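S.K.: I'd like to go over a predicted model; first the sequence, then the structure.
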Amino acid sequence: MRNASTPWLLAAAALVLASAPALAARAAPPPLAQAKALSAPTPLDRFLAHLHTLRVRFRQTLVDAHGGLLSHSAGTLIVQRPGKFRWSIHRIHARGGGQLLVADGRNLWFYDRGLKQVTVQPLSAALSATPAMLLSGTVDVHKAFRERLAGWREGLHWVYVAPRQASGADFRSALFGFDAGTLKKMILEDTLGQVATITFQHIRINGPVPAADLRFTPPPGVDVIGHPLH
């Protein structure tokens, strides 16, 4: 899942696209001289410390390594900590299709609706350094990621995050943007140099999440690759 179909790097945010150099500058870590010491919790740390459930709609824009637009998408994200999330995404103005990623606490399911194909693997065997894993509490943030404060711009406080082990990651770096302590935007660069900008909307924190929202059963007639844990 390390390509343009990777669910969290699939298209569309309600933003004006910047040039590739500008996006690269956003995703780069701040100089050490400017980065504040992380002895105090970052906005990301504080957000996760009080997060039990999260439900948002989002828009996402995906550009290639040269700044060329690849796609616009929209979707929903549901998180129940620890270890459960549902990320559903589809291209705007497209009929059908899209992808669904569900972590049910034991297994990680990836459903490509267009291909009518499901891939499943134990959650413990999945790539650990992904933004969805970070938000869901599946991994220890400080053990799996490096964090730095990345300043204030676009009306948001930014935190730069990068996996400590590149070999176990599906992204190269990420910026998390906060407003009044609430996560509003993520900018992610994947291992191919693609950059996804994700803007959260209709944010609901620590509300009820029906158990059915975090379960997945393969639809009839789809190909299933892998074996789930029961």
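M.R.: Happy to help now that I have it.
S.K.: helices of the protein, start to end?
M.R.: Ranges of helices within the chain are 20-27, 43-49, 131-136, 141-144, based on DSSP state H.
S.K.: avg pLDDT for the longest one?
M.R.: Regarding helix 20-27, the rounded mean pLDDT is 34.
S.K.: so residue 229 sits against residue 109, correct?
M.R.: No: under the criterion of C-beta atoms under 8 Å, residue 229 makes no contact with residue 109, lying 11.5 Å away. (Glycine included, C-beta is placed from N, CA and C.)
S.K.: okay, these two: which has more neighbours?
M.R.: Per other C-beta atoms under 10 Å, whichever of residue 229 and residue 109 has more neighbours is residue 109, with 22 against 13.
S.K.: relative to residue 183, how far out is that one?
M.R.: Going from residue 109 to residue 183 by C-beta to C-beta, to the nearest Å gives 24 Å.
S.K.: list the contacts for the closest residue to residue 206 other than its chain neighbours?
M.R.: In space, and not counting its chain neighbours, residue 206 is closest to residue 52: 4.9 Å by C-beta to C-beta, 6 or more residues apart in numbering. Contacts for residue 52 (C-beta atoms under 8 Å, 6 or more residues apart in numbering) come out as 80-81, 206.
S.K.: which one (most neighbours) among those?
M.R.: Ranking these using other C-beta under 10 Å puts residue 80 first, with 23 neighbours.
S.K.: now for the residue nearest the centre of the chain: which residues touch it?
M.R.: Nearest to the mean C-alpha position of the chain, by C-alpha atoms, centre = their mean, lies residue 131 at 3.9 Å. For residue 131, the contact set (C-beta under 8 Å, 6+ apart) comprises 8, 171, 174, 186, 188.
S.K.: next step: the residues you listed restricted to strands.
M.R.: Applying DSSP state E to those, the entries found in strands are 174, 186, 188.
S.K.: separation between the residue nearest to residue 206 and residue 136?
M.R.: 11 Å.
S.K.: likewise residue 122?
M.R.: Taken as C-beta to C-beta, the span from residue 122 to residue 136 is 15 Å.
S.K.: got it, and residue 183?
M.R.: 13 Å.
S.K.: and for residue 115?
M.R.: 25 Å.
S.K.: same drill for those two, tell me which one is more crowded.
M.R.: Applying other C-beta under 10 Å to residue 115 and residue 136 shows that residue 136 carries more neighbours, namely 26 against 12.
S.K.: so what's residue 162 up against?
M.R.: Counting by C-beta under 8 Å, 6+ apart, residue 162 touches 29, 145-146, 172-174.
S.K.: give me the below-cutoff pLDDT ranges for this protein.
M.R.: Across the chain, the ranges flagged by pLDDT under 70 are 1-39, 126-130, 167-169.
S.K.: repeat that with 90
M.R.: 1-41, 82-83, 91-97, 123-146, 162-173, 190-192, 229-230 (pLDDT under 90).
S.K.: rewinding a little: now list whatever residues contact both of residue 52 and residue 136.
M.R.: Common neighbours of residue 52 and residue 136 (C-beta under 8 Å, 6+ apart) are 80-81.
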